[in-house]
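Novice: following is a predicted model, sequence given first.
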Amino acid sequence: HLEEQAALLKLSQAQLGEMYAEAIVVRLSAAILSAQQASEKLNASFAVLEQRNREVTLLAEMGELFQACATTEEAKEIIRHFVHKLFPDKSGALYVLNASRNLVELATAWGEPATNPPVFEPEACWALRRGRTHLVEDTRSGTVCRHLLQSPPIAYLCVPMMAQGEALGVLSLFVSSDRS
């Protein structure tokens, strides 16, 4: 009878050992999975940080070149060059208010050929009218600026360029295909 109890005790110890080993494996697997997820998040954060650093470097370089511009044409070329680098998959246009402030004139455009009107009234742009960014994620259901009604892109963003509370113009970025 004592031998039976000793055998049961050994069996129980063996089962406890297996259960303990299984628990360690489960905890170790969870720790490895957690470490992998943390590593993926860190890599994604690092990629975002690298992108932001690239953008800040480009903006600083653009600012330096603006300081050295001698003509409006040079400034337009700098804008076209750097905006294309900052938004490589987007088309866009930069419009500037004329001296009498009654018309907005196309200063420069980039990306896929788009039907950018050469001139429009400031009231035709929601960003200029409201003095804040106007984003339309789907022109089939959003409030579209009148300056884009003739051939609207799939989505767009108009950002008013302001200085000392006064509008100077508008920067427009266009998404003309579903892949952008």
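Specialist: Sure, I can see it.

Novice: and the strands in the protein, which stretches?
Specialist: Under the criterion DSSP state E, the chain contains strands at 91-97, 104-110, 119-120, 134-136, 155-163, 166-175.

Novice: right, so of those, which gets closest to Ser39?
Specialist: Ranking those by proximity to Ser39 (C-beta to C-beta) places strand 166-175 first, at 32.6 Å. (Each C-beta comes from the backbone N, C-alpha and C, glycine too.)

Novice: off-centre distance for stretch 84-95?
Specialist: Once both centres are worked out by C-alpha atoms, centre = their mean, to the nearest Å, stretch 84-95 turns out to sit 13 Å from its chain's centre.

Novice: and what of stretch 64-80?
Specialist: Averaging C-alpha coordinates over stretch 64-80 and over its chain gives two centres that are 25 Å apart (C-alpha atoms, centre = their mean).

Novice: give the rounded mean pLDDT of it.
Specialist: The predicted model gives stretch 64-80 an average pLDDT of 83.

Novice: enumerate the positions of that stretch that are buried.
Specialist: 65, 75-76, 78-80 (16 or more other C-beta atoms under 10 Å).

Novice: quick revisit: please identify the most buried of the strands of the chain.
Specialist: Relative to the other members of these, strand 91-97 carries the highest mean neighbour count by mean count of other C-beta atoms under 10 Å, namely a mean of 23.

Novice: circling back to that earlier point, could you dump the strands of the chain into CSV with distance to Leu33 added?
Specialist: Listed next are the strands of the chain as CSV, based on distance: least, C-beta to C-beta, whole Å:
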stretch, distance to Leu33
strand 91-97, 43
strand 104-110, 45
strand 119-120, 55
strand 134-136, 38
strand 155-163, 37
strand 166-175, 37
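
Novice: now those strands as TSV including distance to Gln51 and mean pLDDT?
Specialist: Rendered in TSV, the data for the strands of the chain read as follows (distance: least, C-beta to C-beta, whole Å; pLDDT from 0 to 100):
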stretch	distance to Gln51	mean pLDDT
strand 91-97	19	91
strand 104-110	20	90
strand 119-120	33	95
strand 134-136	20	96
strand 155-163	18	91
strand 166-175	17	90
